[in-house]
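1. I'll drop the sequence and a predicted model, then ask my questions.
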Amino acid sequence: MPRLIAAIDQGTTSSRCILFDASGSPVSVSQLEHRQIYPRPGWVEHDALEIWRRVSDVIHGAMSRANATAADIAGVGITNQRETTVVWDRRTGLPLTHAIVWQDTRTRDLCNELSADGGQNRFRQQTGLPMATYFSGPKLRWMLENVDGLRDAAEQGDALFGTIDSWLIWHLTGGPDGGAHVTDVTNAGRTMLMDLASLDWDDELLKVMRVPRQMLPRIVPSLDRASWGMTRRDGPFGGEIPVCGCLGDQHAAMLGQTCFTPGESKNTYGTGCFMLLHTGEKPVVSTRGLLTTLAYKLGDEPACYALEGSVAVAGSLVQWVRDNLGMIADSTEIESLARSVPDNGDVYFVPAFAGLFAPHWRSDARGTIVGLTGFANKGHIARAVLEATAFQTLDVLDAMRQDCGLDLKVLRVDGGMAANELLMQFQADLLGVPVVRPVVTETTALGAAYAAGLATGFWKNTDDLQRNWRAAKQWEPQMKSSDRRRLHERWKQAVERSLGWER
Ligand SMILES: Nc1ncnc2c1ncn2[C@@H]1O[C@H](COP(=O)(O)OP(=O)(O)O)[C@@H](O)[C@H]1O
Ligand SMILES: O=P(O)(O)OC[C@H](O)CO
């Protein structure tokens with residue numbers, strides 16, 4: 001009798017495999033980083049083969065730590081960094097070029113060209129997305145136009161496209177020997193090629209992005225009782241297990257946080273920071289710079305939608321301070337450094353390294369630190385670094401409030417940066433809303449496990465999942481509203497200064 005569910009969480013900086021038991025508790029974890037490749041300013045690439053190898057290694061690691069065999073695992077769920085674009089050869093299983101990562105801005109001119117006719121919101125009605133470098137469609141068009149032989153191979157059906165979920169599922173279920181070529185609705189919804197209402201590839205968008213349909217994966221729900229394929233016997237699990245759950249990482253975190261009711265919201269503080277608000281069974285098109293996205297689609301049930309505020313740079317700014325400035329040796333040290341000063345000393349850091357995402361969508365913005373005086377020290381910079389994430393979240397929440405009259409009661413948080421107590425208190429202060437962190441903060445992996453567990457009957461229904469959710473810590477807002485307003489005004493001035501720097 002299988003006692004566990006396996007989740008593979010393939011993130012921007014690392015890959016994890018976590019095995020969960022029936023109470024939704026992690027039983028074993030294995031994690032490995034992969035290279036970030038920066039060939040030019042603004043370009044960010046991953047080696048998809050390296051990612052597949054890391055994923056295979058973490059599967060081995062988690063299985064051996066739990067002393068588990070394939071017979072112990074009821075199902076496999078996948079969750080992944082979204083939008084990152086992979087093309088590979090169906091015959092060899094090898095990538096045809098480096099993957100273009102979601103943060104990469106090389107398609108800026110292409111996006112400007114595509115929005116010349118109809119503006120940035122040209123495809124917002126169909127896709128819920130503004131025209132921006134973030135999404136996969138323009139990245140795929142760039143590849144088709146710049147990688148030698150790719151278009152011919154795609155037209156002949158030899159080159160396949162997928163986001164990381166597709167790439168991993170294809171390899172797990174057989175690779176060149178009949179691997180399943182699928183993607184779930186939450187991932188497909190980030191390509192700018194899928195129609196939000198029909199949940200199918202859209203012919204007009206395929207034409208605009210010049211994408212041959214035969215290279216695209218089949219779009220499936222976020223979980224499937226029939227499963228998309230079994231893990232191969234000679235693969236990293238060492239036996240056959242149904243692969244039957246799949247969601248983009250932010251959508252998986254909605255499941256992991258059990259946000260199943262319209263009005264519920266979670267914010268994940270990882271490399272970037274992504275707040276999603278459940279809006280029910282009908283897509284709400286934003287007028288304030290938020291994305292309309294799928295929350296999840298559980299098998300045959302109707303799809304649920306969400307509004308999303310995507311912030312490109314959050315934890316990665318802490319990493320930048322660690323790796324590029326050498327101010328700290330480990331990400332966790334940022335907290336004690338920030339606590340060495342009582343406030344930000346009027347220093348603000350706008351981390352527009354990849355332009356500014358929600359709610360601004362300005363690819364011409366660049367990173368800036370303002371307010372420096374001879375008084376400012378490392379502590380003030382550290383504070384400004386942490387506060388930048390909280391201010392960006394406030395901008396997103398304000399947009400949600402304006403878009404749909406949201407009256408948020410509590411914000412559920414997770415992700416690596418949610419371990420930072422100073423940030424969480426400041427976040428509650430700025431939003432004026434309690435912030436709550438659950439016992440299991442690996443909500444992304446947990447959400448993928450929940451999808452696979454619901455598909456296989458390991459968990460019966462969403463009530464089972466809700467019973468697993470438990471709060472570990474809550475932060476109450478303590479700041480005076482006049483202070484909140486003053487700080488927010490200063491932040492907005494800093495943002496103004498970052499706009500238009502890139503010409
Ligand atoms: N205590 C901390 N304070 C601030 N940032 C942190 C802390 N711990 C981790 N981080 C940041 O969180 C990020 C890792 O979070 P994680 O959820 O694992 O990210 P991802 O899934 O995007 O790879 C890193 O960017 C790291 O710098
Ligand atoms: O890898 P993460 O957790 O920063 O998530 C990346 C997002 O999915 C990008 O849209």
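-> Cool, got the structure. Numbering: from 1, shown residues only. Ligands and ions are numbered 1, 2, ... in the order given.

2. and the residue lying closest to W501 once chain neighbours are set aside, what is it in contact with?
-> Leaving aside its chain neighbours, W501 sits nearest to R366 (3.9 Å; criterion: CB to CB, 6 or more residues apart in numbering). For every residue, glycine as well, the C-beta is placed using N, CA and C. Contact analysis of R366 by CB atoms under 8 Å, 6 or more residues apart in numbering lists A352, F353, G355, S498, W501, E502.

3. how about R366, secondary structure?
-> Assigned with DSSP: H, G, I helix; E, B strand; the rest coil, R366 falls in the coil class.

4. distance of it from ligand 2?
-> When distance is defined by CB to the nearest ligand atom, to the nearest Å, R366 is 20 Å away from ligand 2.

5. so how far does stretch 225-233 reach from one end to the other?
-> The first and final residues of stretch 225-233 sit 20 Å from each other (CA to CA, to the nearest Å).

6. Relative to the whole chain's centre, how far out is it?
-> Relative to its chain's centre, stretch 225-233 lies at 25 Å (CA atoms, centre = their mean, to the nearest Å).

7. which parts of it are buried?
-> S227, W228, G229, M230, T231, R232 (16 or more other CB atoms under 10 Å).

8. before we move on, what about stretch 113-128?
-> Those would be L114, S115, Q120, R122, F123, R124, Q126, T127, G128, for stretch 113-128 by 16+ other CB under 10 Å.

9. what packs against the helix or strand harbouring E50?
-> Using DSSP states H and E, E50 sits in helix 48-65. Packing partners of helix 48-65 (3 or more CB pairs under 8 Å, 6 or more residues apart in numbering; DSSP states H and E): strand 4-10, strand 14-20, strand 26-33, helix 164-172.

10. just checking, next helix/strand downstream of it?
-> Following helix 48-65 in sequence, per DSSP H and E, is strand 73-80.

11. angle of that next one against strand 4-10?
-> Here strand 73-80 runs at an angle of 20 degrees relative to strand 4-10 (axes from the mean of the first three to the mean of the last three CA atoms, to 10 degrees).

12. Which other helices and strands does strand 73-80 contact?
-> When contacts are defined as 3+ CB pairs under 8 Å, 6+ apart, strand 73-80 sits against strand 4-10, helix 164-172, strand 242-248, helix 249-256, helix 443-456.

13. List the contacts of the strand or helix carrying L114.
-> Using DSSP H and E, L114 falls within helix 108-116. Applying CB under 8 Å, 6+ apart, the contact partners of helix 108-116 are G42, R122, M131, A132, T133, P138, R141, W142, V208, G355, S363.

14. so of those, which ones are in helices?
-> When DSSP state H is applied, those are split such that P138, R141, W142, V208 fall in helices.

15. tally of neighbours for I369?
-> Other residues lying near I369 total 19 when counted by other CB atoms under 10 Å.

16. meant to ask about H278, not that
-> By other CB under 10 Å, the residues close to H278 number 19.

17. now H488
-> Residues near H488, counting by other CB under 10 Å: 15.

18. Need phi/psi at it.
-> phi -60, psi -40 (degrees, to the nearest 10).

19. Not counting its neighbours along the chain, what's nearest it?
-> For H488, ignoring the flanking residues on the chain, the nearest one in space by CB to CB, 6+ apart is L394 at 6.4 Å.

20. Now that neighbour: which helix or strand?
-> Counting by DSSP H and E, the element that carries L394 is helix 378-404.

21. Any part of that helix near ligand 1?
-> No - Helix 378-404 does not reach ligand 1 (CB under 6 Å from any ligand atom); its nearest approach is 6.8 Å.

22. List the buried residues of that helix.
-> So, applying 16+ other CB under 10 Å, buried residues of helix 378-404: 379-400, 403-404.

23. give the contact list for the single nearest residue of the stretch 401-503 of the chain relative to ligand 1.
-> Nearest residue of the stretch 401-503 of the chain to ligand 1: G416, at 2.2 Å (CB to the nearest ligand atom). By CB under 8 Å, 6+ apart, G416 lies in contact with Y269, G270, G315, S331.

24. Show me which of the residues you listed has the smallest pLDDT value.
-> Among these, G270 carries the weakest pLDDT, at 91.

25. can you tell me how far the closest residue to that one other than its chain neighbours sits from L406?
-> Nearest non-adjacent residue to G270, counting by CB to CB, 6+ apart: G415, 4.2 Å away. Distance from G415 to L406, counting by CB to CB, to the nearest Å: 21 Å.

26. Great, nothing more from me.
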